[in-house]
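# Need coordinates for the below:
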Amino acid sequence: MGRKRSPGLVRRPIRKDGSFVEYVYHIDKVVHGQRICESCRTGDLEEAERYLARRMEQLRQAKVYGVRPTRTFQEAAIKYLRENLHKRSIGDDAGRLRVIMPYIGAIPLDRLHRGVLAEFITDRQRQGRTTGTINHALKVVRHILNVAATEWMDEHGLTWLPAAPKIKLLPDHNKRRPHPLSWDEQDRLLRELPWHLANMALFAVNTGCRDREICQLRWQWEVVIPELSTRVFIIPGEWVKNSDDRLVVLNKTAEAVMDSVRGEHAEYVFTYNGHPLYRMLNSAWKAARKRAELPHVRVHDLKHTFGRRLRAAGVSFEDRQDLLGHRSGRITTHYSAPELERLIEASNKVCEMDRGRPGLVVLRRLNVG
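All right, here's what the predicted structure looks like:
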């Protein structure tokens, strides 16, 4: 007859792909008023009992002496995901955590530092991941450690971490710089793009809208301004990067684009074969920019182009903020008629610039051999 195991230890099977793999012990026990419900990650009874005893002692020390219980990064990651389900980018964060978890998931929070992440960084570099991609994962880890040290409090009134370690990002020397288009480059790109993408690109370079905002643009968001004999769009915050409602002012060129697509679809402004697009940076865009000899131009460069042209035309910083949809302390969807008229006039400056002189000067660093 086998010896009796400690109360609170439960032997459970682990199944993978529908088939049995092994048995491991789990803890389900209330200690000092707090329930422990977690895996011991072992099928050996003696090892599981040692793990249970250690967890019980941690809780006792936390209650009696104010000593923080040991928590793993996996516990912190789960808490972070559950508390941030409302975040638009939570799916991206979950994907990054899924990749990094095999490296640091079982490590206690108070033992995490930049050196522990070295293996993860090296492996990702070997896999050909860019520095920016690796840094995105490090940023999520850094943020979790920061909130664990400053915001998350346990039942004993202690933060999960006494202090967050410094997680330094990798230097990104190859980060792509913005490429605002010249008038000639814009013409070359538009000539090569298929009709539906050319309309979207022309709209982007005259409104400063992002890829997602243009693909999701709906007719129901159009607002007629009878006092000014014009119309604007108000994009709901759920479709805007900064989550604020976005005013889109239409200059003469953007209005012409609207007129050319009006009536094609009952709901969406821009479509292809009767269906909205999920993104502009697709295979057709990549093929067109290659033919135009602009192999690295992204959709976001159209927004940069609009901003640079506004600045070149002498438009004030505050008006550029509003036209580009940048966050500011102002209520950017509530304007008087004179204010809105000023924004329309400013927006029209970028489609009335004299094409015979350089309307946009882009300084590029020359590579000297």
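
# ok, residue 116 - contacts?
103, 104, 107 (Cβ atoms under 8 Å, 6 or more residues apart in numbering). Every residue, glycine included, has its C-beta placed from N, CA and C.

# I'd like to know how far it sits from residue 73.
For residue 116, the distance to residue 73 (Cβ to Cβ, to the nearest Å) stands at 9 Å.

# Now list whatever residues contact both of these two.
Common neighbours of residue 116 and residue 73 (Cβ under 8 Å, 6+ apart) are 104, 107.

# where along the stretch 51-200 of the chain do the strands fall?
Ranges of strands in the stretch 51-200 of the chain, per DSSP state E, counting those that start in this stretch: none exist.

# repeat for the stretch 251-369 of the chain
With DSSP E, counting those that start in this stretch as the criterion, the stretch 251-369 of the chain has strands spanning 271-272, 275-276.

# wait, which of these is closest to residue 52?
Set against residue 52 and scored by Cβ to Cβ, the strands of the stretch 251-369 of the chain come closest in strand 275-276, at 54.9 Å.

# Now do the closest one: distance to the chain's middle.
24 Å (Cα atoms, centre = their mean, to the nearest Å).

# Return the list of strands paired to it, each annotated with direction.
Under the criterion DSSP bridges, strand 275-276 sits next to strand 271-272 (antiparallel) in its sheet.

# Most tightly packed of the strands of the stretch 251-369 of the chain?
Comparing the strands of the stretch 251-369 of the chain by mean neighbour count (mean count of other Cβ atoms under 10 Å), strand 271-272 ranks first with a mean of 14.

# can you give me the mean pLDDT across that one?
For strand 271-272, mean pLDDT rounds to 92.

# same check, this time on stretch 237-245
82.

# and if you look at stretch 92-99?
Mean predicted lDDT for stretch 92-99 stands at 93.

# ditto for stretch 174-188
88.

# export it as PDB, just CAs?
Coordinates of each C-alpha in stretch 174-188 appear next as PDB, following Å, rounded to 0.1, in the frame of the first residue of the first chain:
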ATOM      1  CA  ASN A 174      18.600  49.500 -39.500                       C
ATOM      2  CA  LYS A 175      15.300  51.100 -38.600                       C
ATOM      3  CA  ARG A 176      13.600  52.300 -41.700                       C
ATOM      4  CA  ARG A 177      13.300  56.100 -41.900                       C
ATOM      5  CA  PRO A 178      10.200  57.800 -43.300                       C
ATOM      6  CA  HIS A 179      10.200  58.500 -47.000                       C
ATOM      7  CA  PRO A 180       7.900  61.400 -47.900                       C
ATOM      8  CA  LEU A 181       7.300  61.400 -51.600                       C
ATOM      9  CA  SER A 182       8.200  64.100 -54.100                       C
ATOM     10  CA  TRP A 183       5.600  65.100 -56.700                       C
ATOM     11  CA  ASP A 184       7.500  63.000 -59.300                       C
ATOM     12  CA  GLU A 185       7.600  60.000 -57.100                       C
ATOM     13  CA  GLN A 186       3.900  60.300 -56.300                       C
ATOM     14  CA  ASP A 187       3.000  60.500 -60.000                       C
ATOM     15  CA  ARG A 188       5.100  57.400 -60.800                       C
END
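
# quick one on the thing from earlier: tabulate the strands of the stretch 251-369 of the chain (CSV), appending distance to residue 126.
CSV is the format used below for the strands of the stretch 251-369 of the chain (distance: least, Cβ to Cβ, whole Å):
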stretch, distance to residue 126
strand 271-272, 39
strand 275-276, 39
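
# Residue 50 is nearest to which of these?
strand 275-276 (58.0 Å).

# quick one on the thing from earlier: ok, which of the strands of the stretch 251-369 of the chain comes nearest residue 195?
Once the strands of the stretch 251-369 of the chain are compared by Cβ to Cβ, strand 271-272 is nearest, at 9.4 Å.

# re earlier: now for the contacts of residue 116, which sits with the most neighbours around it?
Greatest neighbour count in those, by other Cβ atoms under 10 Å, goes to residue 104: 21 neighbours.

# Run a quick neighbour tally on the residue lying closest to that one once chain neighbours are set aside.
In this structure, residue 104 finds its nearest non-sequential neighbour in residue 73, 5.0 Å apart by Cβ to Cβ, 6 or more residues apart in numbering. Residue 73 has 25 neighbours, counted by other Cβ under 10 Å.

# do the same with residue 273
5.

# Please apply the same query to residue 130.
Other residues close to residue 130 by other Cβ under 10 Å number 15.

# for it, what are its contacts?
residue 174.

# how close does residue 302 get to residue 180?
9 Å.

# of those two, who's got more company?
residue 302 (29 against 22).

# For the more buried one, which non-adjacent residue is spatially closest?
The nearest residue in space to residue 302 (Cβ to Cβ, 6+ apart) is residue 204, at 3.9 Å.

# Likewise for residue 119?
Closest to residue 119 by Cβ to Cβ, 6+ apart is residue 103, at 5.8 Å.
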